[in-house]
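**Student:** Need the 3D shape of this:
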Amino acid sequence: MRTALSIALMLFGACAAQAHSYLIGNLEIVHPAIMVPQANSDCTCAHVTITNHGPKTEYFLGADVAIARNTRLLHAASRDHDISAPLAVAIAPGATLDLHRHEWCLLLSNIPKGLEADIGTYPARLMFRHAGTIDIEFMVDAPHH
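**Tutor:** As a prediction, the model looks like this:
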C-alpha cells in the first residue's frame, strides 16, 4: 500500500510540475519559462501563455524577472524594424496571449552567464491593468522546448 501511495504522489508531483500554472482573477498563466541563452549571450526570451477567462478585456503591462536587469515586451515587428512595442497588450475575453517564440516575447537582457535548464526557478512579477500584479516563478527550459 505504501508503495502504491508513493508512486501516486510521484506521478501527481510530475503532473503538477508539468502544469506549472497560476491564477489571478480571471487570468490563467501557464508554463512561464526562460529559454537557455545562446553561448556567450546575456540575452534570452522568457515565454508564458496567459488566457483571459473573464468577461472583460484585460491588458498585460509587462513583467519584471529577477534574473535580468532589463525585461522588455517585444513584438515580432519591433525586432525587424525600429518599432517600439506597445505599453499594454490587450487580452480579449476568451483569448490567449502567447508570449512564445513567434509574435511576442519577453526579452531578458543583462542576465548572468551560465544559465542552465532544469536547475531551479527564478522569481518574477507579471503586471496587468485590472487584475493587478502576481508573483510567479519562471523555470529555465532547454532551447528545444
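
**Student:** Report the buried residues of stretch 104-114.
**Tutor:** Neighbour counts over stretch 104-114 (16 or more other CB atoms under 10 Å) mark Trp104, Cys105, Leu106, Leu107, Leu108, Ile111 as buried. In short, each C-beta sits where N, CA and C put it, glycine included.

**Student:** how much space between the fourth one and Glu28?
**Tutor:** Here the distance between Leu107 and Glu28 works out to 23 Å (CB to CB, to the nearest Å).

**Student:** Same check on the fifth one?
**Tutor:** The span separating Leu108 from Glu28 equals 23 Å under the rule CB to CB.

**Student:** same check, this time on the first one
**Tutor:** To Glu28, Trp104 is 17 Å away according to CB to CB.

**Student:** Rounded mean pLDDT for stretch 130-145, please.
**Tutor:** The average pLDDT for stretch 130-145 rounds to 87.

**Student:** and if you look at stretch 71-82?
**Tutor:** Mean per-residue pLDDT for stretch 71-82: 65.

**Student:** And stretch 54-65, by the same measure?
**Tutor:** Mean pLDDT, stretch 54-65: 96.

**Student:** Just the buried positions in it, please.
**Tutor:** Applying a neighbour-count criterion of 16+ other CB under 10 Å, one finds Gly54, Glu58, Tyr59, Phe60, Gly62, Ala63, Val65 buried in stretch 54-65.
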